[in-house]
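>>> A predicted structure for the sequence below; I have some questions about it.
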Number of protein chains: 4
Amino acid sequence: MAAALSDENLLRHMVHFEAALAAALEKHAVLPQGVAASILAAGRDEFVRNALAEQARAAGNIVIPFVKVLTERVAAIDRQAANFVHWGATSQDVLDTALILQLREGLILLRVDVDAACKSFATLAREHRLAEMPGRTWLQQAPPVTLGLKIAGWLDALQRHRRRLADLLQHNFALQFGGAVGTLAALDPHGPAVAKTLAVELDLACPPIPWHTHRDRFAEMATVLGLLAGTLGKIGRDVSLLMQTEVGEMMEPMVAGAGGSSTMPHKRNPVCSAIMLSAAVRVPALVSTMLSSMVQEHERGLGGWHAEWETMTEIFRLVSGSLGCAVEIANGAEAAPAAMRRNLQILNGAPMAEALSFELARKVGKSEAHRLMEKASSLALRAGIPLKHAVLRDQTLAGHFAGEDLDRLLDPSNYLGASQEFIENVISHEDKTDAQG
Amino acid sequence: MAAALSDENLLRHMVHFEAALAAALEKHAVLPQGVAASILAAGRDEFVRNALAEQARAAGNIVIPFVKVLTERVAAIDRQAANFVHWGATSQDVLDTALILQLREGLILLRVDVDAACKSFATLAREHRLAEMPGRTWLQQAPPVTLGLKIAGWLDALQRHRRRLADLLQHNFALQFGGAVGTLAALDPHGPAVAKTLAVELDLACPPIPWHTHRDRFAEMATVLGLLAGTLGKIGRDVSLLMQTEVGEMMEPMVAGAGGSSTMPHKRNPVCSAIMLSAAVRVPALVSTMLSSMVQEHERGLGGWHAEWETMTEIFRLVSGSLGCAVEIANGAEAAPAAMRRNLQILNGAPMAEALSFELARKVGKSEAHRLMEKASSLALRAGIPLKHAVLRDQTLAGHFAGEDLDRLLDPSNYLGASQEFIENVISHEDKTDAQG
Amino acid sequence: MAAALSDENLLRHMVHFEAALAAALEKHAVLPQGVAASILAAGRDEFVRNALAEQARAAGNIVIPFVKVLTERVAAIDRQAANFVHWGATSQDVLDTALILQLREGLILLRVDVDAACKSFATLAREHRLAEMPGRTWLQQAPPVTLGLKIAGWLDALQRHRRRLADLLQHNFALQFGGAVGTLAALDPHGPAVAKTLAVELDLACPPIPWHTHRDRFAEMATVLGLLAGTLGKIGRDVSLLMQTEVGEMMEPMVAGAGGSSTMPHKRNPVCSAIMLSAAVRVPALVSTMLSSMVQEHERGLGGWHAEWETMTEIFRLVSGSLGCAVEIANGAEAAPAAMRRNLQILNGAPMAEALSFELARKVGKSEAHRLMEKASSLALRAGIPLKHAVLRDQTLAGHFAGEDLDRLLDPSNYLGASQEFIENVISHEDKTDAQG
Amino acid sequence: MAAALSDENLLRHMVHFEAALAAALEKHAVLPQGVAASILAAGRDEFVRNALAEQARAAGNIVIPFVKVLTERVAAIDRQAANFVHWGATSQDVLDTALILQLREGLILLRVDVDAACKSFATLAREHRLAEMPGRTWLQQAPPVTLGLKIAGWLDALQRHRRRLADLLQHNFALQFGGAVGTLAALDPHGPAVAKTLAVELDLACPPIPWHTHRDRFAEMATVLGLLAGTLGKIGRDVSLLMQTEVGEMMEPMVAGAGGSSTMPHKRNPVCSAIMLSAAVRVPALVSTMLSSMVQEHERGLGGWHAEWETMTEIFRLVSGSLGCAVEIANGAEAAPAAMRRNLQILNGAPMAEALSFELARKVGKSEAHRLMEKASSLALRAGIPLKHAVLRDQTLAGHFAGEDLDRLLDPSNYLGASQEFIENVISHEDKTDAQG
């Protein structure tokens, strides 16, 4: 991803744009033959790094020095061709389109990682589908779930993000090409035909109209990545909470040289979760910048456009880093079933109050059952006694549950509901996707 | 929209959920017949406003008092039915699903307004397709465009938003129903079947797995509205800039009683633009809140979930207000062709330098042509003389353009490029959509 | 706080501004005597609620209908006085100044709550200054701290916020009064003198120049509240983590009717923490809106100004709610020393590796000591044996620690460093503040 | 600023911290003499660039490889000293304190630029204090101001920011030093004494208690820079609006090689404004990230802390760039009084309606006067006639203004109110500051 997002790659795509533009113009006989070939030849060497490194930064707009240097290089190859470099395009045409090509590479890399994460989480969910652990709401223990169910929830969300990325790749990649003000006046009357050819050359959609100051396509990419960052943050939060010393139900994979402390010899820190959470803190604000910067003036904005570049690549960089951590976790996380079993016992059955409450509700109504069990579980928690004892101490409850097998009702294994069906729903979707892919 | 987003409507949908849940449970013989009917009957009266008004606010969680009051009301109708209210659901099931139903109403209203704005902008774009005005980049005059082209750009973006809203309505509305921890354990073994029936009752998709702490569906709605707010802000910026006293090319519709000043008798303020710009300032941050709040813990988050409700309805409210203003502008904006013509003359032809530059580039190459015309236009602007005179004063240029019809080259009307084709692309798409709709 | 932030209170302050303005104008003989008295009389009745309720919302700008209604009311009292209502002021003068007065009330309320939280946290820190508990970094156990130290950290931050609020109240409250464009031309030559008198009347600073479109004063209030929200969120996070079922070291106070679940009878949820975390998710984005909206055009902005009102009161509302929860926690949180002691034993001494490492470092150097102890604690954790055993199993370490009292070194009570001094630093500062207050 | 914010400078300050720590430990006889000197010697060479360049990035936490490399370097100089490098500190102590030292340099640079901008804007305000131009509210012409008044408004805001920066430099720079969990246990009983000495060495305040997870000091720096970015954005917006082709009242300084277009030879773009506006779009969101990341867990957070570093330096970089542009504008902006005069005439006197309204109000009351003048100015604007004519056409108004010198009342020069006094207030404050500085 670092390579895809690099300035070098951006410049590579800028050369690609200029060459493709020249080729399109040649095809429609606007330019003489040979310009595109010379641009490609000129762009092939390492000139960009050497000649543009400082100029690009100095000028604010990278395109003007780029066109200047490219033109000089082309001139060294073919004097005549140099007269036609960047013909009919404006700076934003080059930069937007190159950025689009660059981000498309980035999206494809993300999709690969989402696929990898999904595949591994599916395996992990299947492996731990029966591993009972406390459900937790508001960070308090609740009725049981299985680790597989939790992972299936992560996977289900990632599957939706995969669809979103696929939709983006299908719908959101359109050529930017309008000339100075979006009329392609300098190419008249060949503008639209050249645009169509150019779009084909670059494998981009040809939009009905240039869209210099309509940035929703870029911003939409940012929002989709923002959604992905949110889900990854949720996964990172869950993992870091499960890995707490006092919980200990799931551990990030050990990576040699990572997760240590400069002063505490015993530490094994959740490095992946930290990166995923950090990205989830940073990306939402960067997405808001992309939305704020949509307010661009007339035919070319000032300020809004300039706010996009670094913001966009930063979003890609952060989401890519976070996603890489998810893949690591999906591939190497260690579950600790013993800790899960231990934690299921901590409250002595209180989280099973709901199970008893519903059993009882059939006899006394839901409200009354809730009230009775609230009383009993409150007693159990306050007195530190098993819920079973608290129930038996209460005359009303003891009467109602007289004939019941309380141990059966209080066994977490008997209160997992549709966990297995839900896990299966999500995993089987993954299996199908994998088979198609 | 205010009605759709109101607390009253939310409560209405909460009743709807509870009744539909009871109906589904009756269908699968989990509950005796008649519960759903009693809930519907109980929910029909005005109890929500009176009984819940204060309680809802006090409890933090609106659901618990809601269930309590609803159960009491049901008991007054059918003692037995009251025993089964809110059977197997958790607070979040009710609240999330009711919010989804509420936001679906909101989205449909937005879609109606986007349709209205598109239709009117299409008419406006057609009407002013030939109205020449200065193109403007970086807030400086550039080669000419037409007002129709600018409006077609707005319309093109709105058409994309219409597709996004349609996609949301198609893909993003899934039932939330998982019970305490997403296992539907209290309904075992009927959970999944009840969920399917309930989803059908509410005309929602039945998701493969409950998604209590996976908020990407909600957050995605926020992002799509955020994108729309950005485009509306861009339109508001353009209109307010065009309406500046010194530009005066387009005016917001006059609305009696709006746009005045408490101290300046002559003022006619761009009220619609202000609202659109204000929304474009506020919504991006609110979207970032929706993304930030995705990091929710385990089976039910704390903090993140609670950050969503008001944020989400605020986003809908702001975007709806902004969109209403766009409709107003689309329906009633007044163009001032005289001002456009006057403004086209301000720079005495300098913005046409590009036209001459391309003409010249065929003879001397693009770089040299750019250099020569830069010199001439700089002289023209500094000396305050027409570009034509500056060109003729320059011996080289005068030589090159000797045989040319300089007036023809300098006429904005001859340098509109593919404007008409671009406008037509966008309008004809609208015509087609309208015909289908 | 709800009362301070209400629309009713805003209108009350608007009346106050208009009356004070009239009084100042009377004092400088710009207006005849009696206008101020009539405005006060007119504003005393309940007209605002009844007459403005719908109009205010309709007009977008609340001031124009306000002035109209107020003028009518004054006319009913004193025909002549009605001719001079809102003399020389512009809408923004009234609205900004009224908002300032309203927010000053809000800040004073916040300061009271910060004081209350500080006082109670000081008591709590003192009470639990010796209560040993695991320190936790990256959510992993580390060397020990005491609960008092943790609370002293919260308190120390709140003390800084108290200083920030005091600074705001001292420096940031300046009259807004400039007339239409900030020249007070309508009052010439009395403008500056009237402004000075008006500022005195309202107990506000008189700024060197009107500041209609320079919003840093408002935005600074937002940022200071944003900082406070962040600290409160950190406290809420700590409390909610400590209250986890598996940790159980600190409990939010029990409040009857709060923290329950609609389906799980045993639940006691951390409601305060949830509110504090929710505010910490929402406020940062709202602060960014206040910063974004600072970009206001010329003498009066459009969009930016309009984005401020609701955002600002929302920030106050959220921070006030969060702070109220902190006060509740400070007053009623329950510590569980038994759980702390239990948790200190979980890792069988591994978190004390640092203590041994520093002891050892004096003999073998810091790097080597770290390496050796890393090995030993890794063994201890992997094998699930006490660190002591792991140390003794390692020949090198066993040699080094031969003469040492390992139990002494491994006792958390002997490794609390300067905890007591740090706690005392913070508490004694509070005691001094309290004595001064 | 780039140098101050560079990784190289951060590493320099990290060496500085380690050396100062060793010196403090030597002073309190915790360590043998000579360690500090060896660290300084080791840190003097270029090792950081060469040895850390890749490691730093790889490890995520820069401190661990840093300590490793530094220790090796020290060992090469003094084998014994190497045993005591990084004694008693944790990673966050080094990194936070080095960042603080780095940001202090950055703030001092910003203060220099704010001073420079203030000084030049004071000169500019004085120079143009009488230059009449249209006031503009909601982007519509309003009664007149002078360019000096507008600039004095910018200056007044910058003066407040100067005070904020000074306050930050005075109050917000505190040593971070707490060891693993904030108890300095490894240095017991010398911790607090060492901390005090270390603070003196580094010219930082010694805080009452370590503050690892209380980030309000960092976040406050971010907010103050955020406020500054907002004001700079407002200035950039004003300049770019004034520089519009159709307004043309103020021009950014010409800088050779900047502001051109790749296709339009005549363009002179407002490059400085674009940078200032771009920063004002980006910084608010980054500030919100700093506030969001304040929610850090227990004794060391995960995610929140990691979100700070890049965000903070990005804020400094953007604000510094924006401020540099303000200095450029303050030093070199060109005013165009002719354009101002021309623009004052555009509306044929309508913006002077307020002046007539107040004259009239003394006779007929403010409401009636407003109504009459609203009618007259509406007619004037609709019919395109001078306001004077519209007034005279209206029988009522003509009667009232019969004896008046209408031309005097309609002359903008006579309706500038207290402009000169306001300008003087602000400039004289600057003069005093300058004399003191």
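That came through, no problem. Residues are numbered from 1 along each chain as shown, chains lettered A, B, ... in the order given.
>>> A:F177 is in contact with A:A195, isn't it?
Yes. Here A:F177 lies in contact with A:A195, judged by C-beta atoms under 8 Å, at a distance of 5.0 Å. For glycine as for every other residue, the C-beta is placed from the backbone atoms N, C-alpha and C.
>>> Name the residues contacting each of the two.
A:L184 (C-beta atoms under 8 Å, 6 or more residues apart in numbering or on different chains).
>>> List the buried residues in stretch A:416-429.
Applying a neighbour-count criterion of 16 or more other C-beta atoms under 10 Å in any protein chain shown, one finds A:416-420, A:422-427, A:429 buried in stretch A:416-429.
>>> Next: stretch A:372-387.
A:372-374, A:376-381, A:386-387.
>>> how about these in JSON lines, adding distance to C:M221 and secondary structure?
Formatted as JSON lines, the buried residues of stretch A:372-387 follow (distance: C-beta to C-beta, whole Å; DSSP: H, G, I helix; E, B strand; the rest coil):
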{"residue": "A:L372", "distance to C:M221": "50", "secondary structure": "helix"}
{"residue": "A:M373", "distance to C:M221": "48", "secondary structure": "helix"}
{"residue": "A:E374", "distance to C:M221": "44", "secondary structure": "helix"}
{"residue": "A:A376", "distance to C:M221": "50", "secondary structure": "helix"}
{"residue": "A:S377", "distance to C:M221": "45", "secondary structure": "helix"}
{"residue": "A:S378", "distance to C:M221": "44", "secondary structure": "helix"}
{"residue": "A:L379", "distance to C:M221": "49", "secondary structure": "helix"}
{"residue": "A:A380", "distance to C:M221": "48", "secondary structure": "helix"}
{"residue": "A:L381", "distance to C:M221": "43", "secondary structure": "helix"}
{"residue": "A:P386", "distance to C:M221": "53", "secondary structure": "coil"}
{"residue": "A:L387", "distance to C:M221": "50", "secondary structure": "helix"}
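>>> Tell me the one of these nearest chain D?
The closest of the buried residues of stretch A:372-387 to chain D turns out to be A:L381 (C-beta to the nearest C-beta; 24.6 Å).
>>> any idea which helix or strand comes after the lowest-mean-pLDDT helix or strand in chain A?
Lowest mean confidence among the helices and strands of chain A (mean pLDDT, DSSP states H and E): helix A:53-59, at a mean of 56. On the C-terminal side of helix A:53-59, the closest following helix or strand by DSSP states H and E is helix A:63-77.
>>> quick one on the thing from earlier: lowest-confidence one in the buried residues of stretch A:416-429?
Minimum pLDDT for the buried residues of stretch A:416-429 is recorded at A:H429 (94).
>>> Run through who's touching the one helix or strand that one maps to.
Using DSSP H and E, A:H429 maps to helix A:419-436. For helix A:419-436, the external contacting residues (C-beta under 8 Å, 6+ apart) are A:118-119, A:122, A:125-126, A:129-130, A:145-146, A:148-149, A:152-153, A:155-156, A:159, A:162, B:182-183, B:191-192, B:208-210.
>>> that older thread, out of the buried residues of stretch A:416-429, which one sits closest to D:G301?
A:V426 (31.8 Å; C-beta to C-beta).
>>> just to revisit the earlier point, more neighbours: which of A:F177 and A:A195?
A:F177 (33 against 26; other C-beta atoms under 10 Å in any protein chain shown).
>>> show me where pLDDT drops low in the stretch 151-300 of chain A?
Residues of the stretch 151-300 of chain A meeting the criterion pLDDT under 70: A:256-258.
>>> now with 80?
The model of the stretch 151-300 of chain A has pLDDT under 80 over residues A:254-263.
>>> Where does it get nearest to chain D, residue-wise?
Counting by C-beta to the nearest C-beta, the stretch 151-300 of chain A gets nearest chain D through A:L277, at 2.6 Å.
>>> go on, the stretch 1-150 of chain A?
A:S91 (4.4 Å).
>>> Show me what from the stretch 251-400 of chain A comes close to chain C.
When proximity is defined by C-beta under 8 Å from any C-beta of the partner chain, the stretch 251-400 of chain A lies next to chain C at A:260-261, A:263-270, A:274, A:284-285, A:288, A:292, A:343, A:346-347, A:350-351, A:353-354, A:357, A:370, A:373-374, A:376-378, A:380-381, A:387.
>>> so which of these are also by chain B?
A:284-285, A:288, A:292, A:354.
>>> Could you find the closest non-adjacent residue to the most centrally placed residue in chain A?
By C-alpha atoms, centre = their mean, chain A has its centre lying nearest to A:L228, at 2.8 Å. Distances taken as C-beta to C-beta, 6 or more residues apart in numbering or on different chains place A:H161 nearest to A:L228, at 4.7 Å, with adjacent residues excluded.
>>> Next, find the distance separating that neighbour from D:A307.
21 Å (C-beta to C-beta, to the nearest Å).
>>> what do you get for A:R111?
Taking C-beta to C-beta, one finds A:R111 at 25 Å from D:A307.
>>> more neighbours, the two?
D:A307 (26 against 17).
>>> ok, that one to chain C distance?
11 Å (C-beta to the nearest C-beta, to the nearest Å).
>>> on that earlier part again, pLDDT added to the buried residues of stretch A:372-387, as CSV?
Below are the buried residues of stretch A:372-387 laid out as CSV (pLDDT from 0 to 100):
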residue, pLDDT
A:L372, 95
A:M373, 94
A:E374, 92
A:A376, 95
A:S377, 93
A:S378, 91
A:L379, 93
A:A380, 94
A:L381, 91
A:P386, 95
A:L387, 96
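>>> I am finished for the moment; much appreciated.
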